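Engineer: I would like to see how this sequence folds:
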Amino acid sequence: MRAAYRRWLQLGQETGSEPNLSESLRDVGVEPERALALAKTAEAKAALMEETSLARDLGIFGSPTFVIGHELFWGDDRLEDAISWYRYGSVRSLTLLDFPEPDSLGG
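Structural biologist: Residues are numbered from 1 along each chain as shown. This next block holds a predicted model:
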């Protein structure tokens with residue numbers, strides 16, 4: 001997940017699309033062809049439907065959505081707000097010092 005969002009937010013490669021999908025899977029040591037074949041199984045489709053239903057129940061309607069406690073932050077332009085809420089319990093102006101170096105994100 002981090003690899004895909006890093007590619008989206010830093011490189012502009014939309015998640016779920018190529019080259020983000022295959023390259024992110026490779027980044028985390030997963031063979032893209034095998035993972036994509038597994039994603040097309042009936043079990044995976046049922047799990048997706050269940051998770052989608054849960055997301056709707058939580059009020060999630062778009063991606064990316066960040067959930068911190070009972071607060072929803074929707075859209076990649078709300079990431080800083082979600083981080084602030086997680087760290088401080090409120091939305092504050094963050095500085096570059098509030099963010100870890102890219103290499104410390106773990107993929």
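
Engineer: got a list of contacts for the top helix by length along the chain?
Structural biologist: Ranked by residue count, the top helix of the chain under DSSP state H comes out as helix 42-58. With CB atoms under 8 Å, 6 or more residues apart in numbering as the test, helix 42-58 has contacts from 38, 65, 67, 72. All C-beta atoms are positioned from the backbone trio N, CA, C, and that covers glycine.

Engineer: Narrow these to those in strands?
Structural biologist: Those of those mapping onto strands are 65, 67, 72, per DSSP state E.

Engineer: Which among those residues count as buried?
Structural biologist: 65, 72 (16 or more other CB atoms under 10 Å).

Engineer: what's the offset of stretch 2-20 from the middle of its chain?
Structural biologist: A distance of 9 Å separates the centroid of the chain from that of stretch 2-20, by CA atoms, centre = their mean, to the nearest Å.

Engineer: Endpoints of that stretch, how far apart?
Structural biologist: Stretch 2-20 has an end-to-end distance of 12 Å (CA to CA, to the nearest Å).

Engineer: Quick one: mean pLDDT for that stretch?
Structural biologist: Mean pLDDT, stretch 2-20: 90.

Engineer: what's the answer for stretch 90-107, then?
Structural biologist: Averaged across stretch 90-107, pLDDT comes to 65.

Engineer: what's the answer for stretch 32-44, then?
Structural biologist: 96.

Engineer: Would you mind measuring from the spatially most distant residue from the centre of the chain to Asp57?
Structural biologist: Distance from the C-alpha centroid of the chain peaks at Ala42, with 23.4 Å (CA atoms, centre = their mean). Distance from Ala42 to Asp57, counting by CB to CB, to the nearest Å: 23 Å.

Engineer: what's the closest non-adjacent residue to Thr65?
Structural biologist: Trp74 (5.0 Å; CB to CB, 6 or more residues apart in numbering).

Engineer: residue contacts, that neighbour?
Structural biologist: Trp74 sits in contact with 60-62, 64-66, where contact means CB under 8 Å, 6+ apart.
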